[in-house]
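Participant: Need coordinates for the following:
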Amino acid sequence: MRFSIGTDDFKRIRTEKDEYGQVCFYCDKSSFIRDIINDGSSVVVFPRPRRFGKSLNLSMLKYFFDIEQPENVELFAGLKIAEHKNIVTEHQGKYPVVSISFKDLHSENYDSFIIDLKKYICECYRNFKYLLDSPLLDSDLKDKIKSYNDENFKTNDIKESLWYLTKALHDHHGQCAVVLLDEYDTPLQEAYVNQYFDQAIKPFRAMMGKVFKGNDFLYKGVITGITRIAKESLFSGVNNLDVYDITRNKFAQYFGFTEEEVKHICDFMHLSDLKSWYNGYTFGDDLTIYNPWSVLKFCSNDYKLEPYWINTSSNELIKDNLTADKLENVKALINGESIDIEIEPFTVMNNLKGNNTAFWNLLFMSGFLTLDAEKRMRIPNKEIHYFFEKVVMEWFERVGNQKIIQDFLRSLLMGQVDSIQYYLQLMITDSFGIRDMNIPARESFYHGFLLGLMLGLRERYEIKSNHESGKGYYDIALFPNDPIKDVGIVIEVKFKKSVEAALQQIEKQDYAAALKSRGCKNILAYGFAFDGKDVEVRLL
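Facilitator: Next up, the predicted model:
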């Protein structure tokens, strides 16, 4: 079987042949066209993880609807959509199509963003230069179309740019337009990372609102992205819009591979490995979905198990907003547990570093987490498990080099309080910035930071956090796999309180009880007291 990996042009996949006349494999998702046509909303948004077939599906829609390419009917021969004769007759090749992909719009600052956005709009207009000679357009509209063919058009004209194009296409063809926007949130994610999101959202929102809100020249708008930017931030006033995210049943089967589809792609003897590494996603209520990028790479690379998908992006948005107070949940996920996070209908991209719920929802929508049967977030498969371990290690490379971390852990196991405090102070002083220290739940910040450091001992210890022991709940406890050989450790963390208060709480609440019940004879009980970048460590 021949695979075309990374190709998102539907026509190319359906027509290009190798020297033996073999075309590429195509997983038939053409019923997506029928469901788009039958959907009652004028504008539909599909937030899906990257490399899950968004661009290819939009390309398929373009080739189906495009009034300028009637010969495209041959591309759909033998596909499921061809069985719906009435849809083919009434809709195929009947609409002008405006198609823009923002997946490569990465701008470092607001001024560059405006320049780049204008270039994208201008490039889109140049696909319809024939409009300048159309006898069906009046002179004023032609002048407007001509201005958008120059990338130096006025910044204030961004708002009406796509609306004017749909009007001109309608006047010329006598048909409303289909507007396809791919990876709409890429420039906005870039704006957030580079701290000009509040500026960038304004012209973007104005442009989207004008073309999609009450546009008499629009037949359908189909938008794809990764995140669900809050409606009030981007789609304000667009009432004819529906968002089909990964929690919805409708359209769930069209992005990624289903169980049945994978059976037709992969050799039976490799299905078990494939499932453990690239399966595990639940879309809608209970539809099992495989990561399509990794599945195709696995099948075309002699069935080698590698983290294919996570290496297709730098994941900077996630790495930049991972803070110490989130490490407790990271630890739980790495240990195969699920975490209780409220699923938000939209992502508000203004404080991912301080808003933990928004951060975990970003990972959920981006394909790094999925839901279990109780609707709790969990890691879907081994590939993503690898990612979490990798990102934690990279996080601690920022905090301190591996030698300092190892020296800290060695001192912790040996009860060397002065050394523990020295290495911890060194990591905090050198690595934590003002933005880190201003995160609201500060005690949880330090708690998470310590917990992340403890992950370096997970081969020898079971690391637990906020579990019941004695008369209360300890902050952190390390249960040795070999309680005869290794010491047990319990830690209480305080913020802006004395280290004595931490030690008194350990003793009063008998936090060491759980360690004793596991056979630990030697137990070290630590109090850690933090105040900004200052730390004090004492041993009970």
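Participant: Now do the contacts for residue 278.
Facilitator: Under the criterion of CB atoms under 8 Å, 6 or more residues apart in numbering, the contact partners of residue 278 comprise 290-291, 294-295, 298, 309, 381, 383. Heads up, the C-betas are built off the backbone N, CA and C, glycines and all.
Participant: how near is residue 507 to residue 417?
Facilitator: Residue 507 sits 17 Å away from residue 417, going by CB to CB, to the nearest Å.
Participant: Looking only at neighbour counts, state which of the two leads.
Facilitator: Per other CB atoms under 10 Å, whichever of residue 507 and residue 417 has more neighbours is residue 417, with 17 against 14.
Participant: I figured the more buried one was touching residue 536, is that so?
Facilitator: No: Residue 417 lies out of contact with residue 536 (CB atoms under 8 Å); the separation is 9.6 Å.
Participant: For the residue sitting furthest away from the middle of the chain, give its distance to residue 143.
Facilitator: Within the chain, the residue lying farthest from the chain centre (CA atoms, centre = their mean) is residue 135, at 46.4 Å. In this view, residue 135 and residue 143 are 15 Å apart by CB to CB.
Participant: and if you look at residue 427?
Facilitator: 63 Å.
Participant: Looking at those two, which one has more neighbours?
Facilitator: Each of residue 427 and residue 143 has its neighbours counted (other CB under 10 Å); residue 427 has more, 21 against 11.
Participant: what's residue 47 sitting at in phi/psi?
Facilitator: The phi/psi pair for residue 47 (degrees, to the nearest 10) reads phi -80, psi 120.
Participant: looking at it, it is touching residue 242, isn't it?
Facilitator: No: Residue 47 is not in contact with residue 242 according to CB under 8 Å; the separation is 12.0 Å.
Participant: Go ahead and flag the most central residue of the protein.
Facilitator: residue 366 (2.0 Å).
Participant: On the pLDDT front, check it for me.
Facilitator: Listed pLDDT for residue 366 reads 91.
Participant: do the one 5 residues further on as well
Facilitator: According to the model's per-residue confidence, residue 371 sits at a pLDDT of 94.
Participant: cool, residue 431 as well?
Facilitator: For residue 431, pLDDT reads 63.
Participant: One more: residue 438?
Facilitator: The per-residue pLDDT reported for residue 438 equals 48.
Participant: What's the first helix or strand after the longest helix along the chain?
Facilitator: Looking across the chain with DSSP state H, the single longest helix is helix 382-399. Scanning forward in sequence from helix 382-399 by DSSP states H and E, the next helix or strand is helix 402-414.
Participant: In terms of secondary structure, what does that next one contact?
Facilitator: Judged by 3 or more CB pairs under 8 Å, 6 or more residues apart in numbering; DSSP states H and E, helix 402-414 is in contact with helix 382-399, helix 417-431, helix 442-454.
Participant: average pLDDT for it?
Facilitator: 91.
Participant: Export it to CSV, keeping only CA atoms.
Facilitator: The C-alpha coordinates for helix 402-414 follow below in CSV (Å, rounded to 0.1, in the frame of the first residue of the first chain):
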residue,chain,number,x,y,z
GLN,A,402,21.0,17.6,35.7
LYS,A,403,24.1,17.5,38.0
ILE,A,404,22.5,20.0,40.4
ILE,A,405,19.2,18.1,40.4
GLN,A,406,20.9,14.8,41.0
ASP,A,407,23.0,16.3,43.8
PHE,A,408,19.8,17.7,45.4
LEU,A,409,18.1,14.3,45.2
ARG,A,410,21.1,12.5,46.6
SER,A,411,21.2,15.0,49.5
LEU,A,412,17.5,14.4,50.1
LEU,A,413,18.0,10.7,50.5
MET,A,414,20.9,11.1,52.8
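Participant: Quick one: residues contacting residue 386.
Facilitator: 307, 310.
Participant: whoops, I mixed them up, residue 162
Facilitator: Contact analysis of residue 162 by CB under 8 Å, 6+ apart lists 98, 100, 121, 124, 179, 207, 210-211.
Participant: low-confidence ranges in the stretch 301-450 of the chain?
Facilitator: By pLDDT under 70, the weakly predicted segments of the stretch 301-450 of the chain are 347-351, 397-400, 431-442.
Participant: Any idea how many residues pack against residue 98?
Facilitator: 22.
Participant: who has more neighbours, residue 47 and residue 242?
Facilitator: Taking neighbours as other CB under 10 Å, residue 47 and residue 242 compare with residue 47 leading, 24 against 14.
Participant: so residue 67 touches residue 96, yeah?
Facilitator: Yes: because the distance of 5.3 Å satisfies CB under 8 Å, residue 67 is recorded as touching residue 96.
Participant: Please enumerate the shared neighbours of these two.
Facilitator: By CB under 8 Å, 6+ apart, the residues touching both residue 67 and residue 96 are 173, 175.
Participant: Which residue of the two possesses the greater neighbour count?
Facilitator: Neighbours per residue (other CB under 10 Å) separate residue 67 from residue 96, with residue 96 holding more: 25 against 18.
Participant: Leaving out the residues flanking it, which one is nearest to that one?
Facilitator: residue 169 (3.9 Å; CB to CB, 6 or more residues apart in numbering).
Participant: Next up, the contacts around the one you found.
Facilitator: 96, 98, 128, 131, 175, 177, 217.
Participant: same check, this time on residue 312
Facilitator: Residue 312 sits next to 50-51, 293 when contact means CB under 8 Å, 6+ apart.
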